[in-house]
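S.K.: Provided below are the primary sequence and the corresponding predicted coordinates.
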Amino acid sequence: MAAHPTFHWLHIGSGSFHRAHQAWYLHRLLQQSGENEAKWHISLGNIRDDANTLLSILERQQGEYVLETVSPAGERQYEKITSIKKIIPWDDKLAALVAEGAAPATKVISFTVTEGGYYLDAHLKLEKDNSDIAHDLQGGVRTIYGAISHILQQRMANQAGPVTLLCCDNVRHNGQRFHDGLVQFLTLRQQDTLLKWVESGVTTPNTMVDRITPRPTSDIAGRVKTALGIDDAAPVMAESFIQWVVEDKFAAERPELEKVDVELVSNVDAYEEAKTRILNASHSAIAWAGTLQGLAFIDESTRVESIRQLAWDYVTDDVIPCLSPSPLNLEDYRDVVLERFSNPHIKDTNQRVAADGLSKIPGFITPTLITRYEQGAIPRACARLPALFFLFMRRWHEGSLPYKYEDGILNAEEIHAWYQSEDPVRTFASDKALFSTLAGKAEFIQLLRESIDELKS
C-alpha cells in the first residue's frame, strides 16, 4: 500500500512565482524519491480572496499544473508539477489556513506576499498606522503578520512543535526583517507568552530566490495542449534560469533540498545583495524607463540601447564598487542578468515589474546611494533610478500611465502632494521612507535635480 507523506510544507501566496520556483524544487525532490516514498507535500493557500478562482481550478486539477520554461534561445520545455497535494479553501477568518499551519505535520511555512506585504518603513519599523496592519492588530487576518500570529497561537496551544517560517520574497535580509516585523506586531498586541514561544520554537532563515516569472498569458494553455496533450486551466510560465539560496537554519525537519540543487549555506548575504541591487533594482529601472518610452515589455525595453546602458552603468559604476570584494563574479552576474531581461520569449510586462516601487526604492536602491556617498563618490549612475521613479510617478499623478500601477503601500494623497508642492523634487528627495539618512540633504537634492533634468532631455 502506498505510503502517505509524512510532513507538510504550507505555502501562503498562490501566485505564479511560487508555482514556478519553490513548488518546482519540491516536485523534483518528489520525482527523485518516487510518489510512494515521498515524505513531503505542499499545501497551498492565500491570505486574500483574489486568488479564489485559481485555487478552485487547482482543486479541480488535484493541485497539478504544467510549467512552461523558455530559454533566451527560445527553447521551450514542459513539465507537469505534482508537489501541491492540498489546496486550502479561503474564508474570511482563514480558519482552514490556520488549521493547516497549526497541524503537527506542518514543519515549514513559506510565503510570497510581495515586497510591500511586509509593511516596514525605511527604519524597518512596522507601519502600525497602515489600515491593514491596524486591522490585524485588532485580531484580523489581512496581512502575513495577522495570518502567522493566528497560526502560531494555535500551534502553541496544540503543542504542535517548532516550525520554520520561510520568507521567499525579494526583501533584503528577508528572514530577519520578517522576524523583526513579527516581533513588533506581537509586542503591539501584547502577546508576551506567544513571543516567548516564538523565540524558542520558530526560525526565520534568510533566503535568496530567483526566477523571472511573468503573469500567465492566454496562449500558454494552447502550447501546453500541443506539447503534452493536457487541458490545463492554470499553467504557468518562467525563464529557464532558476536559483534558490537558503540559510540552513530550520527549526524542525526539512526536505533534503540540497539533492535538487538548492544552495544551503550559513550566510546568504553576498547572494542576496547581488540579487537585490543588481537584478531587482535594474529590473525595476528598466520597467520604469520602458514605460516612460511607451513600451509594454521588459525584453523590448532592455533592447533599447539607452535603457540597457543606464542599467549597465548603474551596476558597473555604483553597485560593483559597493559589493566588492565578492565571492561572485559581479561583472558576469551583471551580463547574465541583462541577457535574461532581453529574452524575447518571456514577454514579462513592464506593469508587473514596475509595481511596488515605494518598497523597492528603499530596499534595492537607497543602500547603494548611501554606501557610495560614504565611499566619497557621487552616485550619478545610481541616482538615475529614483529619478526615473519620480518621472514615472508623475505620470501616475497626472493619470497618464498606460496601466494601473499597483503598490501595496501606496498612499495616493501623499504621492499627489509631492507634485502639488512648490518644489516637487525637493519634496520627493526629502522623503525619509524612501531615502533614509539622505532625505533632505542639499547635495542629494541637487543630484536628483540633475538626474531628472538629464532624463527629461
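M.R.: Nice, thanks for sending it over.
S.K.: so residue 43 touches residue 89, yeah?
M.R.: No: counting by CB atoms under 8 Å, residue 43 does not reach residue 89; the two are 11.2 Å apart. C-betas here are computed from N, CA, C, even on glycine.
S.K.: Residue 366 and residue 141: what is the separation?
M.R.: Using CB to CB, to the nearest Å, one obtains 31 Å as the distance from residue 366 to residue 141.
S.K.: Among residue 43 and residue 89, which residue is more densely surrounded?
M.R.: Taking other CB atoms under 10 Å, residue 43 and residue 89 do not tie; residue 43 has more neighbours (23 against 13).
S.K.: That one belongs to a strand, doesn't it?
M.R.: Yes: using DSSP: H, G, I helix; E, B strand; the rest coil, the assignment for residue 43 is a strand.
S.K.: What residues does it make contact with?
M.R.: Residue 43 makes contact with 8, 9, 10, 11, 84, 85, 86, 87, 88, 100, 106, according to CB atoms under 8 Å, 6 or more residues apart in numbering.
S.K.: just checking, which of these belong to strands?
M.R.: If you go by DSSP state E, the contacts of residue 43 have 8, 9, 10, 11, 84, 85, 86, 87, 106 in strands.
S.K.: Dump those residues to a markdown table, plus distance to residue 168.
M.R.: Putting the ones in strands among the contacts of residue 43 into a markdown table (distance: CB to CB, whole Å) gives the following:
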| residue | distance to residue 168 |
| --- | --- |
| 8 | 17 |
| 9 | 11 |
| 10 | 12 |
| 11 | 8 |
| 84 | 15 |
| 85 | 19 |
| 86 | 19 |
| 87 | 19 |
| 106 | 16 |
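S.K.: Buried only: go through those for me.
M.R.: Buried members of the ones in strands among the contacts of residue 43, scored by 16 or more other CB atoms under 10 Å, are 8, 9, 10, 11, 84, 85, 86, 87, 106.
S.K.: quick one: which of those is nearest residue 374?
M.R.: Nearest to residue 374 out of those is residue 11 (CB to CB; 38.7 Å).
S.K.: show me the contacts for that closest one.
M.R.: By CB under 8 Å, 6+ apart, the residues touching residue 11 are 18, 22, 23, 42, 43, 44, 45, 109, 110, 111, 112.
S.K.: Spatially nearest residue to it (excluding sequence neighbours)?
M.R.: The shortest distance from residue 11 to any residue other than its chain neighbours is 4.9 Å, reached at residue 110 (CB to CB, 6 or more residues apart in numbering).
S.K.: Check residue 283 too.
M.R.: residue 353 (5.3 Å).
S.K.: right, and that neighbour touches residue 284 too?
M.R.: Yes: the pair residue 353 / residue 284 is scored as a contact, 6.2 Å apart, by CB under 8 Å.
S.K.: Looking at residue 83 now. What's its pLDDT?
M.R.: Residue 83 is assigned a predicted lDDT (pLDDT) of 96.
S.K.: Now do the closest residue to residue 393 other than its chain neighbours against residue 390, distance only.
M.R.: Of all residues not flanking residue 393 in the chain, residue 415 sits nearest, at 6.0 Å (CB to CB, 6+ apart). Per CB to CB, residue 415 is found 11 Å from residue 390.
S.K.: Domains in this structure, by residue range?
M.R.: As assigned by automatic domain parsing, the chain contains the domains 7-265, 269-456.
S.K.: Grab the CA positions of the host helix or strand of residue 226 and hand them over as CSV.
M.R.: Using DSSP states H and E, the element containing residue 226 is helix 220-228. The C-alpha atoms that make up helix 220-228 are tabulated as CSV, following Å, rounded to 0.1, in the frame of the first residue of the first chain:
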residue,chain,number,x,y,z
ILE,A,220,0.2,29.2,-22.8
ALA,A,221,-2.6,26.7,-22.5
GLY,A,222,-2.6,26.1,-26.2
ARG,A,223,1.1,25.4,-26.3
VAL,A,224,0.7,23.0,-23.3
LYS,A,225,-2.1,21.2,-25.1
THR,A,226,0.1,20.8,-28.2
ALA,A,227,3.2,19.7,-26.3
LEU,A,228,1.6,17.3,-23.7
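S.K.: So for that helix, what gets flagged as buried?
M.R.: 220, 221, 223, 224.
S.K.: For those, work out which two are farthest apart.
M.R.: Across these, the longest distance by CB to CB is 7.4 Å; it joins 221 and 223.
S.K.: pretty sure residue 89 contacts residue 99?
M.R.: No: if you go by CB under 8 Å, residue 89 and residue 99 don't touch, sitting 10.9 Å apart.
S.K.: I'd like to know which elements the helix or strand hosting residue 183 is packed against.
M.R.: Per DSSP H and E: residue 183 is located in helix 174-188. On a contact count with 3 or more CB pairs under 8 Å, 6 or more residues apart in numbering; DSSP states H and E, helix 174-188 meets helix 131-137, helix 144-158, strand 163-167, helix 192-201.
S.K.: Quick one: distance of it to the chain centre.
M.R.: Distance of helix 174-188 from its chain centroid, counting by CA atoms, centre = their mean, to the nearest Å, is 17 Å.
S.K.: now swap in stretch 283-301 and tell me
M.R.: Stretch 283-301 has its C-alpha centroid displaced from the chain centroid by 19 Å (CA atoms, centre = their mean).
S.K.: Can you give me the neighbour number for the residue nearest to residue 61 when sequence neighbours are not counted?
M.R.: Nearest non-adjacent residue to residue 61, counting by CB to CB, 6+ apart: residue 234, 6.5 Å away. By other CB under 10 Å, 22 other residues sit near residue 234.
S.K.: A helix includes residue 234, no?
M.R.: No: judged by three-state DSSP, residue 234 forms no part of a helix; its state is coil.
S.K.: what are the C-alpha coordinates of the longest helix seen in the chain, in PDB please?
M.R.: Identified as the longest helix of the chain according to DSSP state H is helix 380-398. Extracted in PDB, the C-alpha atoms of helix 380-398 (Å, rounded to 0.1, in the frame of the first residue of the first chain):
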ATOM      1  CA  ARG A 380      25.400  59.600 -10.500                       C
ATOM      2  CA  ALA A 381      24.500  56.400 -12.200                       C
ATOM      3  CA  CYS A 382      22.500  55.100  -9.300                       C
ATOM      4  CA  ALA A 383      20.700  58.400  -8.900                       C
ATOM      5  CA  ARG A 384      19.100  57.900 -12.300                       C
ATOM      6  CA  LEU A 385      17.000  55.100 -10.800                       C
ATOM      7  CA  PRO A 386      15.000  57.200  -8.300                       C
ATOM      8  CA  ALA A 387      14.900  60.000 -10.900                       C
ATOM      9  CA  LEU A 388      13.100  57.500 -13.200                       C
ATOM     10  CA  PHE A 389      10.700  56.600 -10.500                       C
ATOM     11  CA  PHE A 390      10.000  60.300  -9.900                       C
ATOM     12  CA  LEU A 391       9.100  60.800 -13.600                       C
ATOM     13  CA  PHE A 392       7.200  57.500 -13.600                       C
ATOM     14  CA  MET A 393       5.100  58.500 -10.600                       C
ATOM     15  CA  ARG A 394       4.500  62.000 -12.100                       C
ATOM     16  CA  ARG A 395       2.700  60.200 -15.000                       C
ATOM     17  CA  TRP A 396       0.700  58.300 -12.400                       C
ATOM     18  CA  HIS A 397      -0.100  61.600 -10.700                       C
ATOM     19  CA  GLU A 398      -1.300  63.000 -14.000                       C
END
